[in-house]
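K.L.:
Sequence and predicted structure, then a few things I'm wondering about:
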Amino acid sequence: MSDIFNIFIRSVFIDNMVFAYFLGMCSYLAVSKSVKTASGLGLAVCFVLAITVPVNYLIDKYLLQPGALSWLGSSFAQVDLSFLSLIIFIAVIAGMVQLLEMVIERYMPALYMALGIFLPLIAVNCAILGGSLFMQERNFPTVAHSFSYAIGSGLGWLLAITAMAALRERLKYSNIPEPLRGNGIAYIITGLMGLGFMAFLGI
């Protein structure tokens, strides 16, 4: 149980998708102008990660890894489908994002309109695919470990984009030099926040 908790804490603060690996930066910079829309997109990313990473873990463990098909019989013990992992992971992510988009459009039309094109772009958000690829690389022992990693990574991305949005809302009332306004100051703040999150390496 402690391993699962450690994975969760590490994925939120130490291996943060934005501040440690700079994944999902396009959505992070484009949507972090309002706390409401940023938190909505962050929750959507959390949901997609929480579903796709465990599903991709099960697919990888029982279908794609070398020898994973041995449960079908001894004749399948040498089958290696790992070369399909990337396209399978992307297909699972695209399917979940399409489902999420339909749900948000049906039940939260205001958020759907606010997110605009960035909601379907979750399917190509590198933080989502990165979650599945990091899961595969770290070779977690159980699906519970992969689920903990997925939730932690999603909450870490939500924390990053919401904090950035809150800062950018306050920056509207600041006297920022003309060349740094807009994305310029956003890049600087992201770098400083990344340095701040490096302090969690001591946990």
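P.N.:
Looks like it arrived, so ask away. Numbering: from 1, shown residues only.

K.L.:
rest of the way, CA atoms for contacts and neighbours
P.N.:
Fine.

K.L.:
Count the residues that sit near residue 178.
P.N.:
By other CA atoms under 10 Å, the residues close to residue 178 number 8.

K.L.:
Tell me the spacing between it and residue 167.
P.N.:
18 Å (CA to CA, to the nearest Å).

K.L.:
same check, this time on residue 20
P.N.:
Here the criterion is CA to CA. By it, residue 20 lies 19 Å from residue 167.

K.L.:
now swap in residue 5 and tell me
P.N.:
Counting by CA to CA, the separation of residue 5 from residue 167 is 29 Å.

K.L.:
Between the two, which has more neighbouring residues?
P.N.:
Counted by other CA under 10 Å, residue 5 and residue 167 do not tie: residue 167 has more neighbours, with 17 against 14.

K.L.:
quick one: that one and residue 193, what's the gap?
P.N.:
To residue 193, residue 167 is 11 Å away according to CA to CA.

K.L.:
what does residue 76 give?
P.N.:
Spatial separation of residue 76 from residue 193 under the definition CA to CA is 49 Å.

K.L.:
Residue 113 too?
P.N.:
Summarising the geometry, the distance separating residue 113 from residue 193, computed by CA to CA, is 29 Å.

K.L.:
Residue 63 too?
P.N.:
Going from residue 63 to residue 193 by CA to CA gives 40 Å.

K.L.:
who's more crowded, those two?
P.N.:
Neighbours around residue 63 and residue 193, counted as other CA under 10 Å, are more numerous at residue 63. The numbers are 21 against 16.

K.L.:
what residues are up against the more buried one?
P.N.:
Listed by CA atoms under 8 Å, 6 or more residues apart in numbering, the contact partners of residue 63 are 69, 81.

K.L.:
how does it look with 10 Å?
P.N.:
For residue 63, the contacting residues are 56-57, 69-71, 79-82, 84-85, by CA atoms under 10 Å, 6 or more residues apart in numbering.

K.L.:
Check the residues you listed for burial and list the buried ones.
P.N.:
With burial judged by 16 or more other CA atoms under 10 Å, the buried subset of the contacts of residue 63 is 56-57, 69, 85.

K.L.:
low-confidence ranges in this protein?
P.N.:
Low-confidence regions of the chain, defined here as pLDDT under 70, cover residues 117, 123-124, 203.

K.L.:
And for the closest residue to residue 62 other than its chain neighbours, the neighbour number?
P.N.:
Using CA to CA, 6 or more residues apart in numbering and skipping the chain neighbours, the partner closest in space to residue 62 is residue 68 (4.9 Å). Residue 68 has 20 neighbours, counted by other CA under 10 Å.
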